[in-house]
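Participant: Can you look at this prediction? I've put the sequence above it.
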Amino acid sequence: MDQPKRLPGEETFPAFSVIIPTFNEADSISRTLDAVKKLRGRIEVIVVDGGSSDGTEELGRARGMTLIASERGRGAQMHAGACAARGEVLWFLHADTLPPNDALEQITHSLSDSRVVGGSFNVDFDSRRLSARFLTRFYRELRRFGLSYGDSAIFVRREVYERVGGFKPFPIFEDLDLMQRLCKHGGMAQLRARVVTSSRRFEGRSFALTFAKWTFLQILYWIGVNPQALGGFYAPIRDPKLSQEIS
């Protein structure tokens, strides 16, 4: 297999692979793809679909994006996209997350330091509800401890991603697992620039109950419970419709 090109922090602008996992994201994907198309730089956009039935694939295809199919699951889909990517930098963007206009310049600047292997953005949740404002503040506090999640638009040098083995096909906390392994290989930049992401998984039900479940699962993860074992408990949190069906 050809070895990926190194990104040693020179004046050369890196080639980016923007990897977007999707599953029935027709309500969100158009805005995200349109925002990505406005970014300045040499990029490819890879939409990795997990079997959508709502026209998500057609929306991506209409915008000229590369589409590939994968087994459903965010970790598995993002890894499939990374395996198909050609860029020197891999940038994992959720389908309901909007990047800032200067996102590529921000990433490039952070990677000009050869000690930095990747990083993430600040997160603003898009609702004006009190719960969304709380989540935005809460995420800020988590970053003080070096914690970043997938909706913070994680980016990484491709060579380092491949070295650590990439995303695991976990049903939950695939992002934390990757970040833990990346931190062992270099610095992770915490950019001040903000992405705007949806708070939908915390809406349509009791916020306090949903947040409590999410926090409890976090505790279980950090004390060593396998993410595969936690997956069944997380499905109702990630998917509001599923939550309503189960309840």
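Facilitator: That came through, no problem. Numbering: from 1, shown residues only.
Participant: what comes up buried for the top helix by length along the chain?
Facilitator: Across the chain, the longest stretch assigned as helix under DSSP state H is helix 207-222. Residues 207, 210, 211, 213, 214, 217, 218, 220, 221 are the ones in helix 207-222 that count as buried (16 or more other C-beta atoms under 10 Å). Quick note: C-beta positions are derived from backbone N, CA and C, even for glycine.
Participant: Need those residues in JSON lines (columns: distance to residue 69).
Facilitator: JSON lines is the format used below for these (distance: C-beta to C-beta, whole Å):
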{"residue": "207", "distance to residue 69": "34"}
{"residue": "210", "distance to residue 69": "31"}
{"residue": "211", "distance to residue 69": "34"}
{"residue": "213", "distance to residue 69": "31"}
{"residue": "214", "distance to residue 69": "29"}
{"residue": "217", "distance to residue 69": "29"}
{"residue": "218", "distance to residue 69": "31"}
{"residue": "220", "distance to residue 69": "32"}
{"residue": "221", "distance to residue 69": "29"}
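Participant: Residue 90: which element?
Facilitator: Using DSSP states H and E, residue 90 sits in strand 89-92.
Participant: so what does that strand touch, helix or strand wise?
Facilitator: strand 16-22, helix 74-84, helix 103-111, strand 155-157, helix 158-164 (3 or more C-beta pairs under 8 Å, 6 or more residues apart in numbering; DSSP states H and E).
Participant: Alpha carbons of it, as CSV, please.
Facilitator: Taking C-alpha atoms only, strand 89-92 is exported to CSV below (Å, rounded to 0.1, in the frame of the first residue of the first chain):
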residue,chain,number,x,y,z
VAL,A,89,-5.5,15.5,6.4
LEU,A,90,-8.7,13.7,7.4
TRP,A,91,-11.6,15.8,8.7
PHE,A,92,-14.6,14.1,10.2
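Participant: Work out the gap between that strand and the centre of the chain.
Facilitator: 9 Å (C-alpha atoms, centre = their mean, to the nearest Å).
Participant: Contacts for that strand next, please.
Facilitator: Strand 89-92 has contacts (C-beta atoms under 8 Å, 6 or more residues apart in numbering) with 7, 14-19, 21, 78, 81-82, 107, 111, 150, 153-158, 161.
Participant: In space, what's closest to the most centrally placed residue in the chain - neighbours in sequence excluded?
Facilitator: Centroid-nearest residue in the chain, with C-alpha atoms, centre = their mean: residue 150, separated by 3.4 Å. Closest residue to residue 150 apart from its sequence neighbours, by C-beta to C-beta, 6 or more residues apart in numbering: residue 175 at 3.8 Å.
Participant: so who does that neighbour touch?
Facilitator: Taking C-beta under 8 Å, 6+ apart, we find residue 175 in contact with 148, 149, 150, 154.
Participant: mind checking which of the helices and strands packed on strand 89-92 is nearest residue 229?
Facilitator: For those, the distance to residue 229 is smallest for helix 74-84, at 14.9 Å, taking C-beta to C-beta.
Participant: Just name whatever secondary elements the closest one is in contact with.
Facilitator: strand 16-22, strand 43-49, strand 66-69, strand 89-92, helix 174-183.
Participant: Remind me what the host helix or strand of residue 136 packs against, helices and strands.
Facilitator: Element membership for residue 136 (DSSP H and E) is helix 130-143. Counting contacts by 3+ C-beta pairs under 8 Å, 6+ apart, helix 130-143 is packed against strand 116-125.
Participant: Just give me how far the strand it packs on sits from the chain centre.
Facilitator: In this view, strand 116-125 has its centroid 10 Å away from the chain centroid, taken as C-alpha atoms, centre = their mean.
Participant: Partner strands of it and their direction?
Facilitator: Paired with strand 116-125 in the same sheet, following DSSP bridges, are strand 155-157 (antiparallel), strand 187-197 (parallel).
Participant: pLDDT at residue 39, what is it?
Facilitator: For residue 39, the pLDDT comes out at 94.
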